[in-house]
Every structure is written in C-alpha cells, then in structure tokens.
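Peer 1: Build me a model from this:
(2 chains)
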Protein chains: 2
Amino acid sequence: MERYSNLCAEARQTELKQVRDLLEDWKARGLKLNMARGKPGAAQLDLVSDILTILHDPKQCMVDGMDARNYGELSGLPCARKYWADMLGCQPEETFVGGSASLTLMYDTISKAYTHGLLHSPQPWCKLERVKFLCPCPGYDRHFKITESFGAELIAIPMTPTGPDMDMVEELVKDPAVKGIWCVPKYSNPDGIIYSDETITRMASMKTAAPDFTVMWDNAYCVHEFDGPFQDFQDILTIARECGNPDRFFEYASTSKITLPGAGISVMASSVDNIQYMQKLLGVQLISYDKVNQLRHVLFLKDRAHTLEVMQRHAAVLGPKFRKVLELLDRELAPRGLGTWQKPKGGYFVSYFAPEGTAKRTLELAKEAGVVMTAAGATYPYGKDPRDSNIRIAPSLPPVEELEQAMEIFCLCVRQAALEKLLAQ
Amino acid sequence: MERYSNLCAEARQTELKQVRDLLEDWKARGLKLNMARGKPGAAQLDLVSDILTILHDPKQCMVDGMDARNYGELSGLPCARKYWADMLGCQPEETFVGGSASLTLMYDTISKAYTHGLLHSPQPWCKLERVKFLCPCPGYDRHFKITESFGAELIAIPMTPTGPDMDMVEELVKDPAVKGIWCVPKYSNPDGIIYSDETITRMASMKTAAPDFTVMWDNAYCVHEFDGPFQDFQDILTIARECGNPDRFFEYASTSKITLPGAGISVMASSVDNIQYMQKLLGVQLISYDKVNQLRHVLFLKDRAHTLEVMQRHAAVLGPKFRKVLELLDRELAPRGLGTWQKPKGGYFVSYFAPEGTAKRTLELAKEAGVVMTAAGATYPYGKDPRDSNIRIAPSLPPVEELEQAMEIFCLCVRQAALEKLLAQ
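Peer 2: The predicted structure follows:
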C-alpha cells in the first residue's frame, strides 16, 4: 500500500474507482449500523442483571437510621454518599447524590449560576453582559450545549496529549468574563487523554480574574479502563484545597456505564461550602432523588474495589471492540497516510482526525452506506470543526462482527473522501 | 362545654389553669410526635412491596421496541406515557414522564420560563422588570417557594369552597405582569377542596393580558380518596382546548403517594405544542429519566382501574387517621367555638383555622409538648399568614395511637393559645 499523498493522479483515479465499487457492494447489503453514541451494548447490560433483584425485601430499606422508601434526605442516602466518596477519593459530606443523569447535575450547576449565582458570584450570570466559557476541543457536545443554551460565548481550547493547552487557558482566565471550563480529566471525551499531574495542578492553582471561575470536572470515565489495569487518580478536591482554591471544582460522575445507562445514579462532588450552597438552591426543586435506587446501587456495587471488579467484566466486552477499531485504522488507513488518532486505554471513544476538510464528506458517505456516526463537528463548540477533521468513533453498542463491518465501511469512506479531495486540488 | 367567647374572665382563668396542667402532664411524658409533612406511614409503604421485585428479569426490559435499561427516549417509556394518559384522561403524546419528583418538573417549567421563556413568551421572564404570580391561600409552601426563588411577586388569592376566588383572579390577570397561578384542583393542599366545574371553566376561558399566562395545575391528589368512592375529574387539557386556550395549562402528578414517596415516577402533561417546546429545552439537561423505574411502575400499577384498587388499600390505612383528627376537632374544639375546618374526603391534610392571631402561639406550645407541625404561616406566600390563623395538619405519618396523642395535645394548645388571647384583651 502506498501513501495517498505519494500517488500520481492516475493512480488516485484507479484507487477511487476501486473504493467506490467496494462501497457500492456494501450499500447493496442494506446494512444499518450505529456508532453514534457511547451507548453500552446489550452484553454489558446483561452483566449487571442482579441489580434488578438485589433489593427485594422492604426490610432492606431501613438503612442509615431512615426508611429509604420515604421522602427526605436531599443530598442522598448516607451510604450512597459514602460509596461515591470512596469512588472519588473525597469525603461523604463533599458529595451530593443525584438521579440517573450526571448531565442533569451539571446543567443544574450552570443553570443556578445563571439564575442565582454560585457561592462566590458577585451577581447571577444572567445579569452580566457577557459570559465566556472555555471548551477544550475536541470535547463533549452535550457539555458545550449546556453553556451555549444559556447564551455563553464558547471559546475553543486545543487539546494536547497532556490535557487542554494550559498556556492558553492561563492567558484567557485573566478576562473576568471567562467563568469556567469544561473538563473530562480521565479518558477525555473523545480523545481518551488522561490529564497530566502538571495540567491538573495548573488548573487548580492558576489565578483567575473571575472570583466564581468554575471547573466543570466531569469524571465520567473515572474507573472505565477497557485495556490494562486501573489507573488511579488523585482527589481533585484535595488538590484544589491545597492550591488555595477550594471552591473552584465541581466534579461529576455516574454509574451510567457501570450498571444501567437508563437507570443509574449520579454524583456531584465539591467543597462542603459549595455543596451546602447548592443544597439550598436544589432544595427548592426537589425533596430527594430516588433513594431506593441509590440503595440498590450500594448493595450491588458495594465499594470502589468491588466496582473495579465489575468494570473488568465490562472491559472483557469492550476491549475486543476497541481493539477491532484500532486494528482497522492501523491496517486500512495508517499505511495510506490517512489521518491520526490516539490509542486510548479507557473511556468510550476513539477520536479520529481525518485529512483536513474531509470529515463531513466521510460521514455523508458512511450514512449512504448505512453507518450512522456522531455528526462531524459535534466535538467542537457550536458544532463547527474549523478544520473539518475530527470524527468521534463510538464502538460500544454494536457487537464485534457488526462493528467490523461498520469500520470496514468507515475506512472506505475516509479513503473515498480523501481521494476526492486530492483529485480536486 | 361552653363556648370560650361566652365564658367570663374568671372562668377563662380557671380553664387556662386546667389546660396548662394537662399540657404539663403531656410534656412530662417526653413524646416526639410529627404531623409536619404529608409523609405516608410505614404501613402504606408496606402495601406496595411487590414493586421492588416485579421487574426481575432483564427480558422484561425489552418493551415498546426498545431496551428500557439503555439510554434514550427523553419523554419517557411509551407504556409509561400511556399509563399517565389513562390516569389523567389525556393523550400519551401530551405527557412527559419524569423521575421521582413532580416538584422538579414544576421547577423546570418555571425555571425555563425565566431563562428561556415559554412557548408564547415575548421574552424570558428574567428580562422583565417584574413578574407576578397568583397563589391561592392557604396553599402549598413548596409551590410558592419555587416562584419566590426566582424573584416573582406572590399575590395571595383567597380560597373559597369551590376553588380560588375567580372574581379576583379574572381581575388580576388583566395585568400583563401576572404570569400564572398555582392550583391543586382536587383535594387542594391543605383545604382538601375540589374545584367546581365553573371554577375550572373560568380558569380555562378567562382572558389574560399575558400571552404566556400559565396555570400550574398540580393534580397531586387525582386518585387520592381516603373516604368514599373515587371522584372522577375531567381532562383539563381537553377543557383548555375547547375554551380556546390549549397551551395555558401544565398539569403534574406523581406516584409518590401511590407507590413509594422516595422512588416513584412523575408526569407533566400539556398540549403537544408545549410538550414539544419543553422537550427541546429539557433535552439539554438529560438524556432520559429512569426508564427501568417507569417500567417497574407500569408493571405494578397497570392502569387507572388497577391504581384505584391500590388506592383503596391506602384509604384503609389513611381513613381512620383522618377520622381521628376530625373526631378530636369535633369533640374538643367545636363545642368551645374554637376555629373552623373543612372535612375533606381525599388528599393529605386537614386545614384548621385557629382563632385569629393564635396559630403561631398554638404551634409554639405544641412544639414544647413534643408535637412538630408544619410551621404557622407556611401555607401563605413568604410564610406570612396575615390572620395568623391557618394550621396544616398532616395525619398520614404517625400510627393512629400516636396521632390520637398528638391531636389531644394539639387541641389543648389551641385552647391555651385562645384563652391567653381572650384574657389579654
């Protein structure tokens, strides 16, 4: 195989015809394959079926001196707060246990910042002429959308192999209108990058002009290795305290990809002062999240050690899928000099950078051939990738055999889009 | 027994001494009794224990062409939407099924009105100089608190035996700053009043100056009879449509007092246009509420007919408690001419109007004697009852024998406070 950049025009034409023919064959099979979202596959859901029945006797609901079935305990069942503290390395009183979606807790934080202000806000953000928010890219579209929906100006920050470009971040936070940053510190969505210790320390210690500058620390993949041993991480709340900015971080996590995506529990962790401040505001909107489901989770997952055992079973399902994706990229695209990608060991995505200006066309071709993927540009603020290059591959949902087909098709689409671009130049 | 108003000063002094002595005896027993919140008692929770195990096999999760365990279906599992449509008499597409708290859906509606505006809002409410909200009184403190927390000006509307004073409501809605009203149409909290057909028609057909005037229709007690047969109710969405104001009402309900208060499911029902508009906003904050718990509820409650059977079992527990409260009020306070009250047949409260200016003192005395009740004033905007009279009695939590003790103490406290006031005049 030859690098496409080295091929002469004629060879490119021949190659394009071949690729088109192969794609036509795939199209004729009328497949419907989906690599759009980080949705666990059915085999993963079946791993945790015991959670459906582990809480079967009302007597089990008498815990922590209360009846989990009844109203009350806004910040969550004490044993659930203890569970999350063990998972994240923080203290139970630094946690607030939510419902099935950590996204909702993130939204609530930003929403409250707008309508009421955060602990150190001089005024609610809705009273300000402009609010800017930093968005490391590629990143998670649902994060960006939350701040966008409130009218914040989103500023793209390039990702590096050690996390967001901190030189740029430190420069931008001198602007008091810059109110926060979205972060996925472990196995970043979609690159799968783990922030380095230096990045984390700089994030915790940098001087910010806004007194209420907030790091939205989405630890979505805190125990989500699919390859190799568990990579431990430091408690961000301790680091923040040691750096003299105890109220800067709001950390989030959930069991959506540990137990059931549609029926898990979530957590928000922050300084005790922040949690108490947020509780006052959250107390207006609810009496408590579902404590029976919190209890079900504590009974099933027990603690961090046992959760890591559950995660190994997930890894046994997910590992082969990610290896298949990387294998096909290595086999089909690397030798042709098409694109670059990280090789993550955890998280839910492979972040593929197609030759500049070909991502949209690639996904258009994939769609025609029956493969649905995350929209091109979705990993950038406002859905606009200035280089039209990044494509988020989500291998978790399809079984390996379908995934292999989807990736075969995907690689052909990358090749066709690249050839079309080369020939048009 | 003599009416206190007819007693001479000397007789009042004698009576006061007697009452004080009796209360001292109670105090000496060091009881701790709670009639503060509409919390179901343990016997009610035990009625529905089968809900813990009814969903026990992952195969049951394949419903409506999807896997309830996985991500997706923002507006709720189709069978759960169908369940709520049957309960409320509306259409499935007019429903949005939520998590364990309907309060959260109410908060979300008001919160979105402030940050983004509702379907017919010329602009978000946070951009307006003032927003006024109508609060029928006595009413539910958590309702009032939601609008108060966003800075709305709360206007008290007197309750009548047929619902809010509609003459006053129709007059006030001529002001474009009046954006909505809180309503509990069946067994109103706390009076237990059922709105008359005329009240409902006037609410649906009145002309409002605000194009986005919204009725927050909290049908919390829609099937919650504790005495006598089910009282059917008309679908408010149909009435609204027929009156030419299809988007005026947001209706809410939940299973908090049907299955488990800490682990139920909730619903928001409104016109299809409203639900679609809200979905766009809610889609930013979550992927879906807990669909496994929605399915658990559909399997357990089945439909309205079966839900009414479950409610009869609740009535068997609650009925004796309410009868005990009314019995003691009739026996201890009526003959002495102390206060007035409704005799509800459903809902969760008895609304007692103490002699003017004595509610706070009564509850202070009750607290000293070990009986905790909803704070005086809580049923009015800003927690301020201008007549210092209304007291919300919540008989559901204590067992009957404890409730009887609590009510004995309560009646003594009413008597003492009334005598103190009469003697001070």
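Peer 1: Excluding chain neighbours, what is closest to A:Pro58?
Peer 2: What sits nearest to A:Pro58 in space, not counting adjacent residues and going by C-beta to C-beta, 6 or more residues apart in numbering or on different chains, is B:Ser49, at 4.7 Å. Any C-beta I mention is one placed from the backbone N, CA and C, and that applies to glycine too.
Peer 1: who does the one helix or strand in chain A whose mean pLDDT sits lowest touch, helix- and strand-wise?
Peer 2: Every helix and strand of chain A was ranked by mean pLDDT, DSSP states H and E. The lowest is strand A:33-35, at a mean of 91. Contacts defined by 3 or more C-beta pairs under 8 Å, 6 or more residues apart in numbering or on different chains; DSSP states H and E place strand A:33-35 against strand A:371-373, helix A:400-424.
Peer 1: Return the nearest residue of the stretch 1-150 of chain A with respect to chain B.
Peer 2: A:Tyr107 (3.6 Å; C-beta to the nearest C-beta).
Peer 1: Can you pull the phi/psi pair for that residue?
Peer 2: phi -60, psi -40 (degrees, to the nearest 10).
Peer 1: do the same with the one 4 residues further on
Peer 2: Per-residue torsions, A:Ser111: phi -60, psi -40 (degrees, to the nearest 10).
Peer 1: On the pLDDT front, check the closest residue to A:Lys32 other than its chain neighbours for me.
Peer 2: Spatial nearest neighbour of A:Lys32, excluding adjacent residues (C-beta to C-beta, 6+ apart): A:Gly370 at 5.3 Å. pLDDT for A:Gly370: 96.
Peer 1: does A:Gly370 really touch A:Ala28, like I thought?
Peer 2: No - in this structure, A:Gly370 is not within contact of A:Ala28 by C-beta atoms under 8 Å, at 10.3 Å.
Peer 1: if we can go back for a sec, check the secondary structure at the nearest residue to the residue of the stretch 1-150 of chain A closest to chain B once chain neighbours are set aside for me.
Peer 2: Of all residues not flanking A:Tyr107 in the chain, B:Gln285 sits nearest, at 3.6 Å (C-beta to C-beta, 6+ apart). Counting by DSSP: H, G, I helix; E, B strand; the rest coil, the backbone at B:Gln285 sits in coil.
Peer 1: May I have the residues that are in contact with B:Gln285?
Peer 2: A:Ala101, A:Leu103, A:Thr104, A:Tyr107, A:Asp108, A:Ser111, A:Ile146 (C-beta atoms under 8 Å, 6 or more residues apart in numbering or on different chains).
Peer 1: For the second one, which residues are in contact?
Peer 2: Yep, that's A:Leu103 we're talking about. Shown in contact with A:Leu103 (C-beta under 8 Å, 6+ apart): A:Arg142, A:Ile146, B:Gln285, B:Leu286, B:Ile287.
Peer 1: For it, what is the enclosing helix or strand?
Peer 2: helix A:102-115 (DSSP states H and E).
Peer 1: Would you mind getting the angle between that helix and helix B:102-115?
Peer 2: Between the axes of helix A:102-115 and helix B:102-115, defined by axes from the mean of the first three to the mean of the last three C-alpha atoms, to 10 degrees, the angle is 40 degrees.
Peer 1: State the mean pLDDT of helix A:102-115.
Peer 2: Mean predicted lDDT for helix A:102-115 stands at 98.
Peer 1: ok, back up a step: looking at the contacts of A:Leu103, which one is closest to A:Asn34?
Peer 2: Of all these, A:Asn34 sits closest to B:Ile287, with 15.5 Å by C-beta to C-beta.
Peer 1: isn't A:Pro261 right next to B:Asn70, touching?
Peer 2: Yes - between A:Pro261 and B:Asn70 there is a contact at 5.2 Å, judged by C-beta under 8 Å.
Peer 1: Identify each buried residue in the longest strand anywhere in chain A, please.
Peer 2: In chain A, with assignment by DSSP state E, the single longest strand is strand A:153-160. Buried residues in strand A:153-160, counted by 16 or more other C-beta atoms under 10 Å in any protein chain shown: A:Leu154, A:Ile155, A:Ala156, A:Ile157, A:Met159, A:Thr160.
Peer 1: what sits opposite the fifth one in the beta ladder?
Peer 2: Under DSSP bridges, the beta-bridge partners of A:Met159 are A:Pro164.
Peer 1: Please apply the same query to the first one.
Peer 2: In this structure, A:Leu154 has the following beta-bridge partners (DSSP bridges): A:Phe133.
Peer 1: show me the contacts for A:Lys112.
Peer 2: Neighbours of A:Lys112 in contact, by C-beta under 8 Å, 6+ apart: A:Leu118, A:Met278, A:Leu281.
Peer 1: what about the helices in the stretch 101-250 of chain A?
Peer 2: A:102-115, A:141-149, A:166-172, A:197-205, A:236-242 (DSSP state H, counting those that start in this stretch).
Peer 1: looking at these, which is buried most?
Peer 2: Greatest average neighbour count among those goes to helix A:102-115 (a mean of 24), per mean count of other C-beta atoms under 10 Å in any protein chain shown.
Peer 1: what distance separates that helix from the centre of its chain?
Peer 2: Relative to its chain's centre, helix A:102-115 lies at 17 Å (C-alpha atoms, centre = their mean, to the nearest Å).
Peer 1: can you check stretch A:146-153 too?
Peer 2: That offset, for stretch A:146-153, works out to 18 Å (C-alpha atoms, centre = their mean).
Peer 1: Mean confidence (pLDDT) on that stretch, please.
Peer 2: Average pLDDT, stretch A:146-153: 98.
Peer 1: Then stretch A:73-83?
Peer 2: Average pLDDT, stretch A:73-83: 98.
Peer 1: Pull the residues that contact it.
Peer 2: A:63-64, A:66, A:68, A:92-93, A:95-98, A:265, A:267, A:275, A:279, A:282-283, A:286-289, A:291, A:294-295, A:297-298, A:301-303.
Peer 1: rewinding a little: quick check, the residue of the stretch 1-150 of chain A closest to chain B in contact with A:Ile146.
Peer 2: Yes - here A:Tyr107 reaches A:Ile146: they are 5.3 Å apart, a contact under C-beta under 8 Å.
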